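>>> Could you work out the structure for the sequence below:
(chains A and B)
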Amino acid sequence: MEKLDTLKLTSRMNARVRKNAIWKSIFFLSTLFGLIVLAVLIIRVLTQGAGWIDINFLTGRLSTDAERAGIMGALLGTVWVMLVVIPVTLIIGVGTAVYLELYAKRGKFQSFIETNISNLAGVPSIVYGLLGLTVFSRLMDLGNAVLAGGLTLSLLVLPILIVSAQEALRAVPGHLAEASYAMGATKWQTIRRVILPAALASILTGSILSLSRAIGETAPLTVLGIPAFLLPFPEGIFDTFTALPMQIYYWTLDSSLVAEYANLAAATIVVLLVLLFVLNSIAIFIRNKFQQRY
Amino acid sequence: MSMLMERKMTVENDKHVKKSSNSHRIVYDTKDLNLWYSNTHALKDINLAINEKEVTAIIGPSGCGKSTYIKTLNRMVELVPGVRTTGSITYKNKNILDKSFKVEDLRTQVGMVFQKANPFPKSIYENIAYGPKIHGIRNKKVLDEIVETSLRGAYIWDEVKDRLNENAYGLSGGQQQRLCIARCLAIQPDVILMDEPTSALDPKSTLKIEELAQELKKDYSIIIVTHNMQQAARISDKTAFFLNGEVIEFDDTNTIFTNPADNRTEDYISGRFG
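Model prediction:
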């Protein structure tokens, strides 16, 4: 065998090390791109809107007068919508995932359904708005009530939730289920006592992340005809409502008429971002608390 | 398979499969068992009569069907999609392969210990209490008692009695496997199936499991699959030698290891293949 030429090796070594450094900086710059854009957004929104956030803004009623306008109505609307979205998506989403992953026989039918769910996760949100308009607003005659908005947003995030819950269930090692079956447990007992507890942390993380997506959606709500300017506060799931992203949309749209509206929009964005931040923190907390090692 | 070949095999099996001594009753009587994974014929005309309260070892090279056979005894093999069986396995006068036989019922009477220790990611206590709980025992006092008895039965009580509420994953590999045996005892089975229970353990832990098996056979029928021939020779009363999905020879362990009737058995135990 030919021996390695030490001299040649050294001269090549420098080139290899340099190449590595170049690639490293390319990857670092790609990471930086997103971070910088995010930082610019946050700084701009904060400088423009932070000064407008006070007790009156958070708890006040909507008004055309920028100085007096508050977002309590939109905040309540978003909370009400979440109260619909959370149970609906959790029950239907986890149920579907459990059926597909643990009960359904592997076959053409099952893979057909799974492919469709993955595709649905990529359908633009405005299409879900049209679906909600047809089925919930018109067919079920819910109009632009909280329930119509909540169900539409549930539809929107269900595919994402199902896919992430399926992945969580699949990640539970098979030998745990085997141990349970080998002791005479039924499938349901095994799912409830072994598989779901082991997958719980990832399922909850996935659901909270998909809920954050639902909170920020605007397009389906505009299709449903959710008003952006609404004085009464929603008091139940059959009341007409507006939501934070609708409020942002409305103020941004009308900022050409009243310049201060742009600042109000920025302030609302800050509130929305804080809300999302809190939700994501909860997700991380849950993941750390319930995660089982296996 | 043609009738003629089937006949020939049965004859061949009968030649080597001696009837068990009268002092023992038969726990599992396998008759003409065939098993297919989709198109693979994994078990061919198995005839085995396994005695109660003995250690029966199943040996053979990889892929000979020994694991498949032991998993058929508690029907865990059905978790693999596309499995078909013919023939019968009689357990307590009933054919367990019959679809009317509830697997949950079977697996309550037949416990299993796996190749890799597989405790649940729960506390030591919850691991043992799992079986009784799924069978409806809620009384805390009864559960406490079962947990202690089972852990004592698997000779691990002294090592874990002060840390029952700690996660089972904190135990060593050997302890985890004995915990799994204890978990298996907690459902109060009649039979314990062990599928290469020591293949992932160090020699010292292996010895402990082997001693445990010796101790357990007083109360339980034990069927152990092993790729370790010394282990089979050390702990079993009877040994079955599997090759390519067939039982080549089944006899007293002593006879198998000192005076095998079939050349292939001799070749295998003397290390000429496998």
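>>> pLDDT below threshold where in the chain?
In the absence of a named chain, chain A is used. Within chain A, the stretches with pLDDT under 70 are A:1-2, A:292-294.
>>> that answer is for a different chain, and I need it for chain B
Scanning chain B for pLDDT under 70 picks out B:1-23, B:274.
>>> switch the cut-off to 50
Applying pLDDT under 50 to chain B flags residues B:1-22.
>>> which SSE is residue B:50 in?
strand B:40-51 (DSSP states H and E).
>>> again with residue B:267
Applying DSSP H and E as the criterion places residue B:267 in helix B:263-269.
>>> where exactly do the helices run in chain A?
For chain A, helices defined by DSSP state H occupy the ranges A:6-49, A:55-59, A:72-98, A:108-120, A:125-132, A:146-170, A:174-181, A:187-190, A:196-216, A:219-224, A:244-253, A:260-290.
>>> ranking these by burial, who's on top?
For those, the largest average neighbour count (mean count of other CB atoms under 10 Å in any protein chain shown) is found in helix A:146-170, namely a mean of 24. Yep, even glycine has a C-beta here, placed from its N, CA and C like the rest.
>>> Is any residue of that helix near chain B?
No - figure legend: helix A:146-170 not in contact with chain B (CB under 8 Å from any CB of the partner chain); closest approach 14.4 Å.
>>> now the helices for chain B?
Counting by DSSP H, the segments of chain B that form helices are B:3-16, B:66-72, B:103-109, B:124-134, B:140-153, B:157-160, B:173-185, B:203-216, B:229-235, B:253-258, B:263-269.
>>> coming back round to it: would you indicate which residues of the helix holding residue B:267 are buried?
Judged by neighbour count (16 or more other CB atoms under 10 Å in any protein chain shown), helix B:263-269 contains these buried residues: B:264, B:265, B:266, B:268, B:269.
>>> Now flag whichever of those is closest to residue B:229.
Using CB to CB, the shortest approach to residue B:229 within those belongs to residue B:269, at 5.7 Å.
>>> Tell me how many other residues crowd residue B:47.
Residues contacting residue B:47 under the criterion other CB atoms under 10 Å in any protein chain shown number 18.
>>> I figured it hits residue B:32, correct?
Yes - Residue B:47 is within contact range of residue B:32, at 6.5 Å (criterion: CB atoms under 8 Å).
>>> Mind listing residues that contact stretch B:245-254?
Outside stretch B:245-254, the residues that touch it by CB atoms under 8 Å, 6 or more residues apart in numbering or on different chains are B:9, B:13, B:16-18, B:41-48, B:57, B:64-65, B:68, B:232-233, B:236-242, B:256, B:260-262, B:264-265.
>>> Likewise for stretch B:155-163?
Contacts of stretch B:155-163 (CB under 8 Å, 6+ apart): B:124, B:148, B:151, B:170-171, B:175, B:178-179, B:182, B:208, B:211-212, B:215.
>>> make it 10 Å
Contact with stretch B:155-163 is made by B:123-125, B:128, B:147-152, B:154, B:164, B:166, B:168, B:170-172, B:174-179, B:181-182, B:208-209, B:211-212, B:215-216, as judged by CB atoms under 10 Å, 6 or more residues apart in numbering or on different chains.
>>> so how far is the first residue of that stretch from its last?
Length of stretch B:155-163, first residue to last, CA to CA, to the nearest Å: 15 Å.
>>> Stretch A:98-107 now?
Separation of the first and last residues of stretch A:98-107 by CA to CA is 16 Å.
>>> Buried residues of that stretch, list them for me.
Buried residues in stretch A:98-107, defined by neighbour count with 16+ other CB under 10 Å: A:98, A:100, A:101, A:102.
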